[in-house]
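Engineer: Fold the stuff below for me.
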Amino acid sequence: MVVRTLLGLCFYVLFFSNVDVYAGFFQVLGLLLFALAAFITIFTTKFSLGDISAIEGLLYVMVLQSFLASLFGANETALIYTAVFGVAFLSASVLARTVPIATLLGAISAAYLAIQITILVTDLESYSRSLAGEVTAASGLLRYRAFGLHPNLMGFVFGGGAIIAYWRSRIASSKIRMLFLASSALSFSLAWAASSRAALLALAFCILLQILALVMRRATNFILGLVLAFTTILSTLAIVAFYPGQQLTGYAERMLDLGDPQRGLGSGATGRTSAWAQSLIEVERRDLASAMLGTGFRSSSPEYIGYSTESSYFTILLENGTLLGIAFISLTVLRTAKFLYIGYRQNNAVALTLGYILLYALAQSVFNRYLLAAGNPYSLFLLLCFVIPAKLARGPASFEWTLKRSVKNNGWPYAPSG
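Structural biologist: Sure, this is the predicted structure:
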């Protein structure tokens, strides 16, 4: 109970990590709570740092690489961040081995519910104005920024919240299932109010994959299933695009800011294509050692290279080198595919939850830089997804909880039944 409370508080506090002059305080407090939870579990559970997966071992190597690169490069900011990230990752390694997956999901779900209530109580007017698509003469579309979060970070965090809450509803008791479905819808609306198109595209990708999987599973013939799946997807898109007509279309265009010269269809993904091209030039410009081994975490920030990479993948390649970067991205894709395969193969809701949490992050990270971080709740939870021991994904019972057990724990299943 103490550990679950600490984790819930940790994730909740990190929602305030961009609040003006208090940003540093909330970030440190959140990570301290995370580390404290890990410290407590070491002495209250049977702990062994065994069964290290390939991706977990690689991340330890990346932390060491970043430390050495920052040290030899005399980059104090990168060195400090590497130490902070290292502590967060070590804590995640401990928690993934000592805390049941259900407790981790329960903590992050509770944090999302708490911050949603906080927003509705303290900032309903701003949220409503942004959701209505209000446009001002001074700043254009009023993109929602809860507690100082950048709209892109808003989209990343709350788009991820929609994924977590939806799949959390699939393993919840019937009494609280609707609560999580409502939380999922509210998280989506917050990402929509922020006009975060990267988050919306990532969510659309996840939804389309789920539709495809559901139709395919119910079809007896593979080709017929494929045809039915794409027919369903195209029909859904057509309905969304053309019904109920001009009013909805105009609202969507306004919310997506498609007519803005800085963010519209002709802006090169809001300048991202230019940033990506510049990142390729930056890799080619470096000497062989820097290109292959990287220059350390946070060394690709705009203050060091003069521009924003606008993609987690280019950030990782620049900071951790092409060698480790490509290996990390590949292993993350493989882990995501493994969770999804187990989930659909064994009708395993929690494997699907972890798979879609990672899939959303991979898709969204094409356009933003939050895949490998520790300063926001969703990125911190991703660290747990990276290091959950592989043995927990090998059997169908590993991720399943009975309804009886869920009810016994007041609708919050605490431990796997396997």
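Engineer: what comes up buried for the helix or strand where F328 lies?
Structural biologist: Assigned by DSSP states H and E, F328 falls within helix 312-345. By neighbour count on 16 or more other C-beta atoms under 10 Å, the buried set for helix 312-345 is 312-322, 324-325, 327-329, 331-332, 335-336, 338-340, 342-344. Heads up, the C-betas are built off the backbone N, CA and C, glycines and all.
Engineer: in the stretch 201-350 of the chain, which spans are helices?
Structural biologist: Secondary structure of the stretch 201-350 of the chain, counting by DSSP state H, counting those that start in this stretch: helices at 222-242, 246-255, 268-285, 288-293, 302-305, 312-345, 349-364.
Engineer: can you pull out the strands in the stretch 51-200 of the chain?
Structural biologist: Here the stretch 51-200 of the chain has its strands, by DSSP state E, counting those that start in this stretch, at 135-136, 140-141.
Engineer: so what strands line up beside the first one?
Structural biologist: For strand 135-136, the paired strands and their directions (DSSP bridges) read strand 140-141 (antiparallel).
Engineer: tell me the mean pLDDT for the strand it pairs with?
Structural biologist: The predicted model assigns strand 140-141 a mean pLDDT of 80.
Engineer: can you give me how far it is from the chain middle?
Structural biologist: Strand 140-141 sits 26 Å away from the centroid of its parent chain (C-alpha atoms, centre = their mean, to the nearest Å).
Engineer: Same check on stretch 147-154?
Structural biologist: Distance, stretch centre to chain centre, for stretch 147-154: 14 Å (C-alpha atoms, centre = their mean).
Engineer: Between the two ends of that stretch, what distance do you get?
Structural biologist: Using C-alpha to C-alpha, to the nearest Å, one end of stretch 147-154 lies 10 Å from the other.
Engineer: now stretch 298-313
Structural biologist: End-to-end distance for stretch 298-313: 13 Å, by C-alpha to C-alpha.
Engineer: From G375, how far out is H150?
Structural biologist: Note on H150: its distance to G375, by C-beta to C-beta, to the nearest Å, is 12 Å.
Engineer: And for S139?
Structural biologist: Distance of S139 to G375, given as C-beta to C-beta: 25 Å.
Engineer: With Q364 instead?
Structural biologist: Taking C-beta to C-beta, one finds Q364 at 16 Å from G375.
Engineer: Between these two, point out the one with more neighbours.
Structural biologist: Set side by side, Q364 and G375 show more neighbours around Q364, with 27 against 22, by other C-beta atoms under 10 Å.
Engineer: tell me the pLDDT at the more buried one?
Structural biologist: Per-residue pLDDT puts Q364 at 94.
Engineer: for it, what are its contacts?
Structural biologist: By C-beta atoms under 8 Å, 6 or more residues apart in numbering, the contact set of Q364 is 155-156, 159-160, 198-199, 201-202, 370.
Engineer: Could you dump those residues into TSV and include distance to G86, pLDDT and neighbour count?
Structural biologist: TSV is the format used below for the contacts of Q364 (distance: C-beta to C-beta, whole Å; pLDDT from 0 to 100; neighbours: other C-beta atoms under 10 Å):
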residue	distance to G86	pLDDT	neighbour count
G155	28	94	31
F156	23	95	31
G159	27	95	28
G160	23	95	29
A198	28	91	25
A199	28	93	31
L201	32	92	16
A202	28	94	27
Y370	18	91	22
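Engineer: Okay, the residue lying closest to S189 once chain neighbours are set aside and A349: tell me how far apart.
Structural biologist: Distance criterion C-beta to C-beta, 6 or more residues apart in numbering; nearest residue to S189, sequence neighbours excluded, is L131 at 6.2 Å. Taking C-beta to C-beta as the measure, L131 falls 30 Å from A349.
Engineer: same question, F16
Structural biologist: In this view, F16 and A349 are 31 Å apart by C-beta to C-beta.
Engineer: Then C10?
Structural biologist: For C10, the distance to A349 equals 25 Å [C-beta to C-beta].
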